[in-house]
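[1] Coordinates for the following, if possible.
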Amino acid sequence: QVQLVESGGGLVQAGGSLRLSCTVSGRTFSTGAMGWFRQAPGKERDFVAAIKWSGGSTYYADSVKGRFTISREYVKNTMYLQLNSLKPDDTAVYYCARTLGPPIATRLMARETYDYWGRGTQVTVSS
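    Next comes the predicted model:
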């Protein structure tokens, strides 16, 4: 059974940094893609960033470009999200997700593209 587990969330002041991790267990992947989404209270779950597992091409939401960096450690089946210059608007539960299908760039921003999801980790940014 495939499981995704996020870690690294917490409370940080505006301007601070956090590093989120997402470890996949139950299966080893060589293709597809992984992504990060976030959901603030009362809002929909929005795309943050994605990475193709083979090749490592990355994609970002405009709101986080230049501040967040997505990466992966292929052999550890782990994905990361480095969050810098955090703002109160970044407060949300952050979810990682994995797709098994062909990593078509234009579809990586859509929630329905992903087959597996983690339970989320809370990031709270105080002003």
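[2] Bridged to the most centrally placed residue in the chain, which residues?
    With distances taken as Cα atoms, centre = their mean, the chain has Trp36 as the residue nearest its mean C-alpha position (2.0 Å). Bridge pairing for Trp36 (DSSP bridges) gives the partners Ala49, Cys96.
[3] That one touches Ala92, doesn't it?
    No. Using Cβ atoms under 8 Å, Trp36 makes no contact with Ala92, being 10.5 Å away. Bear in mind the C-beta positions are built from the backbone N, C-alpha and C, glycine included.
[4] What's the separation between the residue nearest to the centre of the chain and Ser127?
    Going from Trp36 to Ser127 by Cβ to Cβ, to the nearest Å gives 23 Å.
[5] Repeat that for Tyr74.
    Tyr74 is 38 Å from Ser127, by Cβ to Cβ.
[6] For those two, work out which one has more neighbours and name it.
    The neighbour comparison of Tyr74 against Ser127 (other Cβ atoms under 10 Å) goes to Tyr74, with 13 against 9.
[7] so what's the more buried one up against?
    Trp53 (Cβ atoms under 8 Å, 6 or more residues apart in numbering).
[8] before we move on, back to that, how much space is there between the residue nearest to the centre of the chain and Thr23?
    Trp36 is 14 Å from Thr23, by Cβ to Cβ.
[9] And Val93, by the same measure?
    Taking Cβ to Cβ, one finds Val93 at 17 Å from Thr23.
[10] Could you do Tyr95 as well?
    In terms of Cβ to Cβ, Tyr95 sits 14 Å off from Thr23.
[11] Could you do Pro88 as well?
    For Pro88 relative to Thr23 (Cβ to Cβ), the value is 28 Å.
[12] Who has more neighbours out of the two?
    Taking other Cβ under 10 Å, Pro88 and Thr23 do not tie; Thr23 has more neighbours (16 against 11).
[13] what bridges to the residue nearest to that one when sequence neighbours are not counted?
    Among residues not flanking Thr23 along the chain, Thr78 sits closest, at 4.8 Å (Cβ to Cβ, 6 or more residues apart in numbering). As for beta bridges, Thr78 partners with Thr23, Glu73 under DSSP bridges.
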